[in-house]
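> Build me a structure from this.
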Amino acid sequence: MESQKKVREIYDFIDENLYLNRPDIEIRGEKLNSTVLFTLLTGLNRGKELILGEPGLGKTTSAEYAGSLLYRYPLAIIWSSEVPGHPEQTEEKIVGRPDLGKINRGIEEVVWSNFSQLPVKIVDEINRLPETKQSMILDGIDRGNWGYLNEILINEEYCLFATANYQDRGTNTIIAPLLDRFDIVVESKHPGPNLSFIIADNNKENILRNPLYEKRLEKVLKSKISYERKLPQIEEICEQFGVYLKKEFGIDTIHHDERRKIESEIRRLDFDMDASAFTIMFLAELSFCFKYGQKRSNEVCEEGCHYSGYLCHEVRNCASNRLPSSIKSYAQSIAWLWGRSEVDLEEVKTVIPYTIAHRVQWKDDFIVKREKNKRNDPLQIYLAKEAVNEVFHRYYEQKEDIKRAFAVGYRIINGEDLEPVEGDHPVYAEIKNDIMRLKKLKRSGDVGEEPF
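Got it, this is the predicted structure:
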């Protein structure tokens with residue numbers, strides 16, 4: 001539990017000293033701030049987080065503090081790597097540029113930006129990038145591969161934070177492929193007048209500054225040696241900065257090997273039966289279509305469909321294959337942080353709204369019925385929470401039958417001569433659709449984890 005204790009202490013340090021806030025989420029009876037919590041989990045997960053909010057409410061600074069403490073980078077180095085979103089942004093400013101001295105001699109060599117080199121990547125006001133320029137960072141944020149000229153830089157470890165103000169005259173629509181690459185979305189909320197008044201005199205971010213280590217890191221980042229040779233030098237300086245933070249402020253940070261150990265521990269946590277069944281049931285409602293085989297954004301459900309009482313009738317688009325991965329990694333992370341031996345329903349119910357709010361395109365009727373309701377969340381996160389509550393109510397009513405359907409499906413796949421369980425929910429139809437395919441994969445040995 002030593003690593004969990006460190007992460008908890010980092011949360012408390014940010015919460016009490018750097019990012020003053022109000023708690024807006026409750027997990028196992030404990031009230032926390034969703035922005036601080038999910039930003040830390042994103043850093044540990046090598047995840048990608050979209051932070052929404054009004055101007056000046058700490059969207060960018062929350063990511064800076066988490067990145068600095070989780071990866072041991074002084075704050076000025078984090079600042080130097082940030083990419084501002086604006087219409088004139090170029091690939092040369094984001095990824096890298098030619099070495100002008102060498103290109104004049106006919107030698108092509110790339111000077112990589114700090115953004116592409118550092119594991120903590122922050123794009124400020126990403127929705128001010130025009131749609132045509134958002135595609136410049138698609139592959140990099142998805143795989144950690146950054147290409148320029150004929151060279152490529154690969155980040156073995158990285159996380160991404162992007163901030164977005166609410167729509168105004170200067171913003172653009174974030175393209176769907178880019179939105180889908182974000183695992184999670186949170187809102188950086190107003191802390192209230194009392195804390196806001198305190199923040200005006202709070203200069204504690206200087207805690208995370210250190211000119212000595214900042215200069216050393218900047219020198220290595222600007223050096224002409226290969227990226228692979230820079231990494232151990234960078235890690236050595238980050239280790240020294242971590243020792244400095246411990247000595248001066250009593251805060252334990254996390255070194256590279258411990259981050260990888262934490263990630264391994266998180267990935268080993270299994271979902272219990274209820275968590276698995278509920279997650280698959282939820283995904284079924286987001287992707288199923290009785291008439292057309294699956295949800296498609298260019299096809300409209302007919303009125304009077306037998307399944308019109310489910311989410312498949314309320315959404316326009318189909319759930320992405322990235323969504324289950326996002327749900328799984330963040331639910332596992334919360335279970336790990338709370339010292340659980342497996343993931344249960346509480347973790348899954350907690351994370352799903354934040355993983356779907358930016359991905360789901362709701363139909364107008366679903367929005368109109370709820371947009372005037374009293375709420376503390378932005379509309380998209382509120383709608384996602386409402387959807388999770390609706391599906392959970394349906395799951396609670398028939399969970400034993402659903403779990404039996406999964407169990408019988410598993411037995412059929414393993415050769416037993418049984419009939420699939422029938423039921424009035426898309427998940428039963430999806431289990432039947434999958435049985436033949438999974439039986440074939442089972443025979444060929446291509447099924448990794450046990451199905452169902």
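> what residues does the worst-scoring helix or strand of the chain on mean pLDDT touch?
Lowest on mean pLDDT, DSSP states H and E among the helices and strands of the chain sits helix 426-444, with a mean of 80. For helix 426-444, contacts defined as CB atoms under 8 Å, 6 or more residues apart in numbering pick out 280-281, 284-285, 288, 290, 307, 310, 312, 402, 405-406, 409, 412-414, 420-422, 447, 451-452. Any C-beta I mention is one placed from the backbone N, CA and C, and that applies to glycine too.
> Among these, which ones are in helices?
280, 281, 284, 285, 402, 405, 406, 409, 412, 413 (DSSP state H).
> Surely residue 166 and residue 57 touch.
No: look at residue 166 against residue 57 with CB atoms under 8 Å: they stay out of range, at 10.8 Å.
> quick one: which of these two has more around it?
residue 57 (21 against 12; other CB atoms under 10 Å).
> Can you tell me how far that one is from residue 305?
Separation of residue 57 from residue 305 (CB to CB, to the nearest Å): 42 Å.
> do the same with residue 238
56 Å.
> How about residue 228?
Residue 228 is 56 Å from residue 305, by CB to CB.
> Who has more neighbours out of the two?
residue 305 (14 against 10).
> so when I look at that one, I'm seeing a helix, right?
No: assigned with DSSP: H, G, I helix; E, B strand; the rest coil, residue 305 falls outside any helix and is coil.
> For stretch 27-41, give me every contacting residue.
Contacts of stretch 27-41 (CB under 8 Å, 6+ apart): 7, 10-11, 14-15, 19, 21-26, 47, 49, 51, 58, 62-63, 66, 70, 161, 184, 186-189, 330, 333-334, 337-338, 346-347, 350, 354.
> Inside strands: which ones of those residues?
25, 26, 49, 51, 161, 184, 186, 187 (DSSP state E).
> which two in these are spaced the farthest apart?
Distance extremes for the ones in strands among the contacts of stretch 27-41: the farthest pair is 26 and 161 at 23.8 Å, using CB to CB.
> Those two: which has the busier surroundings?
residue 161 (27 against 11).
> What is the neighbour count of the closest residue to the more buried one other than its chain neighbours?
Leaving out its chain neighbours, the residue that sits closest to residue 161 by CB to CB, 6 or more residues apart in numbering is residue 63, at 3.6 Å. Taking other CB under 10 Å as the criterion, the count of residues near residue 63 is 30.
> cool, and residue 392?
Neighbours of residue 392 using other CB under 10 Å come to 18.
> check contacts around it.
Applying CB under 8 Å, 6+ apart, the residues near residue 392 are 278, 345, 349.
> go again using 6 Å as the cut-off
By CB atoms under 6 Å, 6 or more residues apart in numbering, residue 392 lies in contact with nothing.
> Near residue 436, how many other residues are there?
11.
> mind checking how far it is from residue 280?
Computed as CB to CB, the residue 436 to residue 280 distance reads 17 Å.
> now swap in residue 27 and tell me
Residue 27 is 22 Å from residue 280, by CB to CB.
> where does the chain have low pLDDT?
Scanning the chain for pLDDT under 70 picks out the ranges 200-203, 441-452.
> can you tell me how far the residue positioned nearest the centre of it sits from residue 437?
Taking CA atoms, centre = their mean, the centroid of the chain lies closest to residue 183, which sits 2.9 Å from it. For residue 183, the distance to residue 437 (CB to CB) stands at 27 Å.
> Equivalent analysis for residue 291, please.
Taken as CB to CB, the span from residue 291 to residue 437 is 21 Å.
> swap in residue 243?
54 Å.
> before we move on, what about residue 382?
From residue 382 over to residue 437 the distance is 37 Å, taken as CB to CB.
> These two - which one has more neighbours?
residue 382 (18 against 12).
> Could you report the neighbour count for the spatially closest residue to the more buried one that is not a sequence neighbour?
Computed as CB to CB, 6+ apart, the closest residue to residue 382 that is not its neighbour in sequence is residue 375, at 4.5 Å. By the criterion of other CB under 10 Å, residue 375 has 14 neighbours.
> Can you classify residue 375 by secondary structure?
coil.
> That one and residue 384: what is the separation?
12 Å.
> Likewise for residue 286?
11 Å.
> cool, and residue 366?
Taking CB to CB, one finds residue 366 at 11 Å from residue 384.
> What are the structural domain limits within the protein?
In the domain annotation for the chain, the residue ranges read 2-255, 273-444 (automatic domain parsing).
> end to end, how far does stretch 154-164 reach?
26 Å (CA to CA, to the nearest Å).
> Would you indicate which residues of that stretch are buried?
Across stretch 154-164, burial judged by 16 or more other CB atoms under 10 Å covers 155, 158, 159, 160, 161, 162, 163, 164.
> Next, format those residues as CSV and append distance to residue 264.
Formatted as CSV, the buried residues of stretch 154-164 follow (distance: CB to CB, whole Å):
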residue, distance to residue 264
155, 19
158, 17
159, 16
160, 21
161, 23
162, 27
163, 30
164, 32
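> ok, those residues vs residue 130, which is closest?
residue 164 (14.1 Å).
> The closest residue in space to that closest one that isn't next to it in sequence: how many residues sit nearby?
Excluding the flanking residues, the one nearest residue 164 by CB to CB, 6+ apart is residue 127, at 4.4 Å. Per other CB under 10 Å, the neighbour tally for residue 127 reads 24.
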